[in-house]
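Student: Compute the structure for the input listed below.
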Amino acid sequence: MQELSPAELGEQVQDDDGPLVLDIRHEEDFQEWHIPGSRNVDVYDELTDDPEQAIEPLDDLPSDEQIVTVCAAGVVSQTATAVLRELGYDAVTLTDGMNGWSRVHRHAELPVDVDGTLVQVARPGKGCLSHVLVSDGEAAVFDPSHYLNEYDTVLDEYDAELVGVFDTHAHADHVSGAADLADRHDVPYYLHQKDALAVDATPLEDGQTVTVGRLDIEVIHTPGHSEGSVSFDVEGAALLTGDTLFHDSVGRVELGVEAGIEDADVEGNAATLYESLQRLLDRPDDALVLPAHDPGSPEPPVAATLAEVRERNDDLGRDREAFVEELASDIPDHPPNFERVKRTNVGQESVPEEELAELELGPNNCAAE
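Tutor: This is a model prediction of the structure:
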């Protein structure tokens, strides 16, 4: 069977003349989460029950484009590829389907004026953003996924020695690789104690400074999204804001409560988040705001100055009362399996390696709106 790897597709979809990505899943699954620019033809049941029934709906596609078929795990889409090839189309299957797409990582340098280099690692299929700070031969990694080799590749590329791994908070949408990456390199894993419920981590404290090479990183405790959420100020030039502040929204405030790991209420968390945001808004206007997630399918570099974020983020224009009311009342769909993911990241649950990909499968929903 002809297949295309997720990494290869990740490169090809950047081109205007890239392939036609054909998603054959049910329409509701497609609407919830799909590869940008893909086309949905809902023939999943037909391909499963009787592939001949899928011939007519599939026989109306452009004949001059390569077609990449997609399903959840790359199984039913193989049948779609076989049907299309019998019809004369140049068709291939995306290996592992959306599961494989969620593993794709891409990285690029950020335009930040510091004595070193800040690299953004984006995971388009999950909307996740992590960062690698390099200075004077040393490096720190922030908010890594559990695909550790992606970060070792960046460290090798910049010939840097890892000296610390940081999480801005205990994530709810993906399983963190921070503790494992730190263990692999025998360096500290940093996490605020309010989120390190059952994790062996070096605690972070508000106002603390951690040095990487020639750069000082200031820790800013910014709770609200989670009790242990922190942001990192890199020399006043970059703000790594985790899920506290996004470019167009802010972090949601009920996930820890609903996962049963916070003894708090949603209104109180919203008020706390409001105060945390005020601390960030006091930082330099030209500082780059670098969140841990982007609601789309981010292609690095994804960045905006704090001044730009002020202009485009409606949440920052609300007074305290309106802010709390909005966040406490308008609850969007939850990230898939967020309870188990959250419990895993605070150390209360252990997920077998073979289950991680399926546990994470789905869209990123950590923004409040």
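Student: need the contact list for the residue lying closest to residue 347 once chain neighbours are set aside.
Tutor: Leaving aside its sequence neighbours, residue 347 sits nearest to residue 198 (Cβ to Cβ, 6 or more residues apart in numbering; 3.3 Å). All C-beta atoms are positioned from the backbone trio N, CA, C, and that covers glycine. If you count contacts by Cβ atoms under 8 Å, 6 or more residues apart in numbering, residue 198 has them with 346, 347, 348.
Student: I'd assumed residue 197 was in contact with the first one.
Tutor: Yes - Residue 346 sits in contact with residue 197 when judged by Cβ atoms under 8 Å, with a separation of 4.2 Å.
Student: ok, these two, which is more surrounded?
Tutor: For residue 346 and residue 197, the more surrounded residue by other Cβ atoms under 10 Å is residue 346, and the numbers stand at 25 against 17.
Student: Could I get the contacting residues of that one?
Tutor: 170, 195, 196, 197, 198, 199, 261.
Student: Tell me how many other residues crowd the second one.
Tutor: Residue 195 sits with 28 neighbouring residues when counted by other Cβ under 10 Å.
Student: Now it: closest residue in space, sequence neighbours ignored.
Tutor: residue 228 is the one closest to residue 195 (Cβ to Cβ, 6+ apart), at 2.9 Å.
Student: For residue 16, give its distance to residue 65.
Tutor: According to Cβ to Cβ, to the nearest Å, residue 16 and residue 65 sit 12 Å apart.
Student: Residue 181 and residue 25, how far apart?
Tutor: 33 Å.
Student: no wait, residue 348
Tutor: Distance of residue 348 to residue 25, computed by Cβ to Cβ: 32 Å.
Student: ok, the two, which is more surrounded?
Tutor: Set side by side, residue 348 and residue 25 give different neighbour counts by other Cβ under 10 Å, the larger being at residue 25 (23 against 16).
Student: What residues does that one make contact with?
Tutor: For residue 25, the contact set (Cβ under 8 Å, 6+ apart) comprises 40, 42, 44, 70, 71, 72, 98.
Student: ok, the residue sitting nearest the centre point of the chain - contacts?
Tutor: When Cα atoms, centre = their mean is applied to the chain, the residue found nearest the centroid is residue 128 (1.4 Å). Contacts were defined as Cβ under 8 Å, 6+ apart; by that measure residue 128 touches 122, 143, 145, 173, 174, 292, 293, 364.
Student: Which members of the residues you listed are the farthest-apart pair?
Tutor: 122 and 173 (14.3 Å; Cβ to Cβ).
Student: Which one's more surrounded, the two?
Tutor: For residue 122 versus residue 173, neighbours defined as other Cβ under 10 Å are more numerous around residue 173 (25 against 22).
Student: For that one, give its distance to residue 126.
Tutor: 7 Å.
Student: for residue 22, same thing?
Tutor: Distance, residue 22 to residue 126, by Cβ to Cβ: 21 Å.
Student: Is the residue nearest to residue 195 part of a helix or strand, or is it coil?
Tutor: Counting by DSSP: H, G, I helix; E, B strand; the rest coil, the backbone at residue 228 sits in coil.
Student: Next, count neighbours for it.
Tutor: Residues contacting residue 228 under the criterion other Cβ under 10 Å number 25.
Student: for residue 37, same thing?
Tutor: 11.
Student: That one touches residue 21, doesn't it?
Tutor: Yes - contact between residue 37 and residue 21 holds when scored by Cβ under 8 Å: they sit 6.4 Å apart.
Student: which residues do those two both contact?
Tutor: When contacts are counted by Cβ under 8 Å, 6+ apart, residue 37 and residue 21 have residue 13 as shared neighbours.
Student: got the domain boundaries for this structure?
Tutor: Residue ranges for the structural domains of the chain, counted by automatic domain parsing, are given in the record as 3-101, 106-360.
Student: right, so the ones you listed: which one is the most enclosed?
Tutor: When the domains of the chain are scored by mean count of other Cβ atoms under 10 Å, the highest mean neighbour count falls to domain 106-360 (a mean of 20).
Student: Endpoints of it, how far apart?
Tutor: 18 Å (Cα to Cα, to the nearest Å).
Student: low-confidence ranges in this structure?
Tutor: For the chain, applying pLDDT under 70 flags the ranges 1, 255-261, 263, 330-336, 361-369.
Student: ranges for the helices of it?
Tutor: In chain order, the chain shows helices spanning 6-12, 27-32, 44-49, 55-58, 76-86, 97-101, 149-157, 178-185, 255-258, 266-281, 306-312, 320-329, 338-345, 356-360, with DSSP state H as the criterion.
Student: other SSEs contacting the longest one?
Tutor: By that I understand helix 266-281. strand 215-221, helix 255-258, helix 306-312, helix 320-329 (3 or more Cβ pairs under 8 Å, 6 or more residues apart in numbering; DSSP states H and E).
Student: Among those, which comes closest to residue 206?
Tutor: Comparison of these against residue 206 by Cβ to Cβ identifies strand 215-221 as nearest, at 3.7 Å.
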